[in-house]
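In: can't give you the sequence, but here's the structure:
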């Protein structure tokens, strides 16, 4: 049952997105259908959300529009610059009881997920446009690890590697040299939501927030390694959105 709903959501989501991409580029349905090797009637049905894309069609369309397949099917183009600013913004908030500016990498990933999905719950759009995947320590976008690596390499964050109780731990903090960087990609409303999330989870440890997100419908209903549709959060009870 849930899988059927998922497919309907995804088809309608990318159908409008594909149409917008075509119109923005001044292309006709005939031009796009020819480029991906389908009839115009088939392409018209795809744009109308009446026919889902198969794997090869999705790959051809993504290549034609010069975007990733995940972005095509999700109906949103990830904004990695804004996602990095979300990371920095969270690091400037009080995230733990110690209040030392450090947070585990896993807890940071969960806070980012909650911000994106809570924003979608309220506004029907993602804050960053990232696509989250169901993995053991997820939900997390593939880009999370790349974003941290790039922020560390550019000297914007510090990742401290520690061993606690026989377990390796990665603690993330903003570097002193970067704390004056202005963050202009986030709106006042987006920052306010992130602050509410940070405050709620400040006194909770990493395992607490992992268990919470794993019990939410978006993670619970998806298969391992599957992309998590944002729309699933709209079925969640308001008090457990974040």
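Out: Great, that's in hand. Please read these numbers as outputs of a predicted model, since none were measured by experiment. Residues are numbered from 1 along each chain as shown.

In: quick one: contacts for residue 85?
Out: 183, 185-186 (C-beta atoms under 8 Å, 6 or more residues apart in numbering). For every residue, glycine as well, the C-beta is placed using N, CA and C.

In: make it 10 Å
Out: 79, 128, 181-186, 190 (C-beta atoms under 10 Å, 6 or more residues apart in numbering).

In: quick one, helices of the protein?
Out: 2-24, 29-36, 40-47, 55-65, 69-74, 80-91, 105-123, 143-153, 188-201, 206-215, 217-220 (DSSP state H).

In: just those helices: most buried one?
Out: helix 105-123 (a mean of 22; mean count of other C-beta atoms under 10 Å).

In: check the offset of that one from the chain's centre.
Out: 8 Å (C-alpha atoms, centre = their mean, to the nearest Å).

In: again, but for stretch 150-169
Out: 22 Å.

In: can you get me the start-to-end distance on that stretch?
Out: End-to-end span of stretch 150-169 (C-alpha to C-alpha, to the nearest Å): 19 Å.

In: would you mark the buried spots in it?
Out: 151, 156-158 (16 or more other C-beta atoms under 10 Å).

In: how about a markdown table for those, with pLDDT and distance to residue 109 added?
Out: Shown next, in a markdown table, are the buried residues of stretch 150-169 (pLDDT from 0 to 100; distance: C-beta to C-beta, whole Å):
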| residue | pLDDT | distance to residue 109 |
| --- | --- | --- |
| 151 | 98 | 13 |
| 156 | 98 | 17 |
| 157 | 98 | 14 |
| 158 | 98 | 17 |
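
In: tell me the one of the residues you listed nearest residue 225?
Out: Lowest distance from residue 225 to the buried residues of stretch 150-169 (C-beta to C-beta) belongs to residue 151, with 25.3 Å.

In: noted, bye for now.
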